[in-house]
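Q: Predicted structure and sequence below. I'll ask about it afterward.
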Amino acid sequence: MKQSGSASTLAEAESGGKKRRDRMAVARKHERTGGGMSVVQKLLLNAQLLGNEANTNFEQLYTVPNLQLLGMPLKLVSLTAVVAGPVGTLLMPLLGWLSDKGSNPNRRKMMTVILCMALLVSGVFCVVLANVLHLQSRSNPIPAAKDATDLKGRESNTSPRYSSKIQTAYQRHWNVTADGKTGPPFAAQIGLLAFVLLDVGFDLTNAFVKAWVLTCSPRAEHTSVLMMGTAIGSVGGLVTSTLAVVDFDVSLFGLGDNEGMGLAVQVCVQAIAVLFLVLAGSVLTILVGYRQLQSKTENLEKGSIDEDNVKPKRADHTKANDCDESKQPLLQTRKTMDQAVHQGVPADYGSGQRQTGDPVAARVSPVTDVCYRSATCTYADGTCESFHRSADIRRQRSAPVTHGNGSDPVAASDSSSVGVTCNSRFHIFRSSQNTFKWKIGCICASLYFSVGLVHMFSMMSTDYVGKTIYGGNPEAEPGSDSLRNYQTGVRFASVGFIVYYISYLLASACHKRVHQVLGYLKEYALVQMSASACMVTLALTARMEVYFLLCILAGFQRASYFVIPYAVTNDLIQAQAQESGRDGGAKLGLFMSLVSGMIPLAYSTIFTSVGPLEYITGDVSTPLWLGAACGCLSTICFLPVGYL
């Protein structure tokens, strides 16, 4: 009877072990395939980034021209960067910290996505409102001479120059007071607020939508999902760039063909398109992400996957002998330790008195809380070491250990003097923490300068093409050849933006293959230095062919800085979480917002400084030289990430 009972118990144990192995096999398949996420699911999960990229391209194309059209003086146009930059820099770390708190951080991350959508929608609505007010005010007559005395100076009221200035005042639709002073009208003030909201909304969306997407997707698919986000975002920029080239017939809207109305109508049409993309993309991102979270929860409840206990297979020991303990992973999780305790591991297993002669005991404990959380090793096939060999381990510990020179045996109780102590492992952990902080700092500095390069291209290249390559002047008299040349240059520069976003789309599509060949460090350095060299060449030659080449390289550069800093940051966070035995998503929102905070910071500092620098030097190519310097500094700051 005892033998039959023992056989039955053994059969039940083997059956339970087989079930556990089956669940682990499902878990490994889940990690390799990304939990069954298809390409369509990844694109839909990143749908809000499509509207966000359409929004930022809309900003780049129309911030300066539209604000001047609404009546905002050129010297005040940079207020968008002065206001939006600090606001975004302060809000992102604060909201990132709040999104990681509470008993349900996933719900908080979803609320930040809704907040981003609200900011973008509010900004687009204000843009439409400002331009509609401007169109309605076009029926007003040209201001009388007595209402614009500040424009006359000492010139005669009948002089052509005076009449031109009056016409300019009407085109800009300045508010003229009784004493002859002018100021930006109400529509221009609304337009300034609109572009500030759009800029802050873009910065927050870029951070928190990515944090939401990473939270909803399997850990093994994080890099792939980020690449899909850049790909679908490039489509949004391509849509707005194409609409910018279309010349809308103002007469179709019943507004006549008055000068200055075409741009206002085009801005309204573009804003409505951006509004549709933002709303549709936000709804898809929230719904698909929520469904992915539910799917992960169901898998956890069924026991088919537990990402805290299962690690992806590593290439260096998948082909090794599973019983070779020297090739097993080192890091363990808290749940694995709990399983070991409940399965009756001997009390001395995992204690501080471990022998160096026991390769398993001396190797598997984590770097923190060593005396409690020493558990077991995880094999390359994903299964955990069973504890039926604990007696052998105890026998190994009780056996004497000799030095390599043949000296007398050392008792097991004295092994703490030659083994790895808890104190030394604590110092290793502190050193790892410091390295982690240094790497995050290098990533932030590199992204700061990389954003500076992009802004020098996207915000100032159209002005450079119109002034230098086509020899135009935006301040010339209305109807003059110089003004026409400038407008022609701006239109051809818009064609360059189409090339820019096509390049951005292609770079996003093949980014995974490029990463597999070059790696993060080489890819990032290559695109940064190539774009910088092309900027220098354009400043020296002032040729349209070089400008289009810069558009291509800038597309690759944008794809790299929208993926690589975030992917490297996510890898660092997950590795740090494994060492500390905590959830990798606990600090994801905070660090993602910290890295993304460099975007508005660079916008508020580098972009606002380019105007005074160009004024002091008197050289239109100053933004190109500044952008090239930013690209070189970005590469220098990123290099330590690969070597620390």
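A: On my side now, so go ahead. Numbering: from 1, shown residues only.
Q: Work out for me the element L50 sits within.
A: helix 47-70 (DSSP states H and E).
Q: Tell me the predicted confidence for G597.
A: With respect to pLDDT, G597 has a value of 75.
Q: quick one: the strands in this structure?
A: Using DSSP state E, the strands of the chain run over 175-176, 182-183.
Q: least reliable of these going by mean pLDDT?
A: Mean pLDDT is lowest for strand 175-176 among these, at a mean of 51.
Q: tell me which residues of stretch 493-504 are tucked away?
A: By neighbour count with 16 or more other C-beta atoms under 10 Å, stretch 493-504 contains the buried residues A493, S494, G496, F497, I498, V499, Y500, Y501, I502, S503, Y504. For every residue, glycine as well, the C-beta is placed using N, CA and C.
Q: gap between S282 and L44?
A: 12 Å (C-beta to C-beta, to the nearest Å).
Q: Of those two, which one has the most company?
A: S282 (23 against 19; other C-beta atoms under 10 Å).
Q: M110 is in contact with that one, correct?
A: No: between S282 and M110 there is no contact under C-beta atoms under 8 Å: 10.8 Å.
Q: how about G471, phi and psi?
A: Main-chain dihedrals, G471, degrees, to the nearest 10: phi 60, psi 30.
Q: actually V563, sorry about that
A: According to degrees, to the nearest 10, V563 has phi -120, psi -50.
Q: Could you tell me the model confidence score at it?
A: The model reports V563 with a pLDDT of 80.
Q: is it true that it touches H511?
A: Yes: here V563 reaches H511: they are 6.1 Å apart, a contact under C-beta under 8 Å.
Q: Mutual contacts of the two, please.
A: M227, T230 (C-beta atoms under 8 Å, 6 or more residues apart in numbering).
Q: Show me the shaky parts of the stretch 301-450 of the chain.
A: 301-434 (pLDDT under 70).
Q: next one: the stretch 151-300 of the chain
A: For the stretch 151-300 of the chain (pLDDT under 70), the answer is 151-183, 246-263, 296-300.
Q: all helices for it, in order.
A: 160-172, 186-216, 222-245, 261-302 (DSSP state H, counting those that start in this stretch).
Q: Comparing those helices, which comes out most buried?
A: Ranked by mean neighbour count, those are led by helix 186-216 with a mean of 25 (mean count of other C-beta atoms under 10 Å).
Q: now the angle from that helix to helix 47-70?
A: Here helix 186-216 runs at an angle of 170 degrees relative to helix 47-70 (axes from the mean of the first three to the mean of the last three C-alpha atoms, to 10 degrees).
Q: packing partners for helix 186-216?
A: helix 47-70, helix 79-99, helix 105-136, helix 222-245, helix 261-302, helix 588-596, helix 598-602 (3 or more C-beta pairs under 8 Å, 6 or more residues apart in numbering; DSSP states H and E).
Q: Return the set of buried residues in the third one.
A: To tie it back to what came earlier, the one meant is helix 105-136. For helix 105-136, by 16+ other C-beta under 10 Å, it's 105-106, 108-110, 112-113, 115-117, 119-124, 126-131, 133-135.
Q: What average pLDDT does that helix get?
A: Here the average pLDDT along helix 105-136 is 86.
Q: Relative to T462, how far out is the residue lying closest to N46 once chain neighbours are set aside?
A: Nearest residue to N46 in three dimensions, chain neighbours excluded: G229, at 3.9 Å (C-beta to C-beta, 6 or more residues apart in numbering). As judged by C-beta to C-beta, G229 and T462 stand 26 Å apart.
Q: now do V641
A: 33 Å.
Q: circling back: pipe the helices of the stretch 151-300 of the chain into CSV and attach distance to Q576 per row.
A: Output for those, formatted as CSV (distance: least, C-beta to C-beta, whole Å):
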stretch, distance to Q576
helix 160-172, 54
helix 186-216, 15
helix 222-245, 15
helix 261-302, 22
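Q: So for L67, which of those helices sits nearest?
A: helix 186-216 (5.5 Å; C-beta to C-beta).
Q: tell me the angle the closest one makes with helix 222-245.
A: 160 degrees.
Q: Keeping just the C-alphas, turn the helix holding L50 into CSV.
A: Provided in CSV are the C-alpha atoms of helix 47-70 (Å, rounded to 0.1, in the frame of the first residue of the first chain):
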residue,chain,number,x,y,z
ALA,A,47,-2.7,55.9,-33.7
GLN,A,48,-2.6,59.0,-31.5
LEU,A,49,1.0,59.6,-32.6
LEU,A,50,-0.3,60.1,-36.2
GLY,A,51,-2.4,63.0,-35.1
ASN,A,52,0.4,64.3,-32.9
GLU,A,53,2.9,64.3,-35.8
ALA,A,54,0.3,66.0,-38.0
ASN,A,55,0.0,68.6,-35.3
THR,A,56,3.7,69.3,-35.0
ASN,A,57,4.1,69.6,-38.8
PHE,A,58,1.2,72.0,-38.8
GLU,A,59,3.0,74.1,-36.2
GLN,A,60,6.3,74.1,-38.1
LEU,A,61,4.6,75.3,-41.3
TYR,A,62,2.2,77.9,-40.0
THR,A,63,3.3,79.3,-36.7
VAL,A,64,5.3,82.2,-38.0
PRO,A,65,3.3,83.0,-41.2
ASN,A,66,-0.1,82.6,-39.6
LEU,A,67,0.7,84.7,-36.5
GLN,A,68,2.0,87.5,-38.7
LEU,A,69,-1.1,87.2,-40.9
LEU,A,70,-3.3,87.6,-37.8
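Q: helices and strands around that helix, which ones?
A: Counting contacts by 3+ C-beta pairs under 8 Å, 6+ apart, helix 47-70 packs against helix 105-136, helix 186-216, helix 222-245, helix 261-302, helix 422-464, helix 481-509.
Q: if you set the cut-off to 7 Å instead, what comes out?
A: Applying 3 or more C-beta pairs under 7 Å, 6 or more residues apart in numbering; DSSP states H and E, we find helix 47-70 packed against helix 105-136, helix 186-216, helix 222-245, helix 261-302.
Q: Turn the ones you listed into TSV, columns for distance to G519.
A: Shown next, in TSV, are the helices and strands packed on helix 47-70 (distance: least, C-beta to C-beta, whole Å):
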stretch	distance to G519
helix 105-136	30
helix 186-216	21
helix 222-245	12
helix 261-302	29
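Q: T537 is nearest to which of the ones you listed?
A: Comparing the helices and strands packed on helix 47-70 by C-beta to C-beta, helix 222-245 comes nearest, at 23.4 Å.
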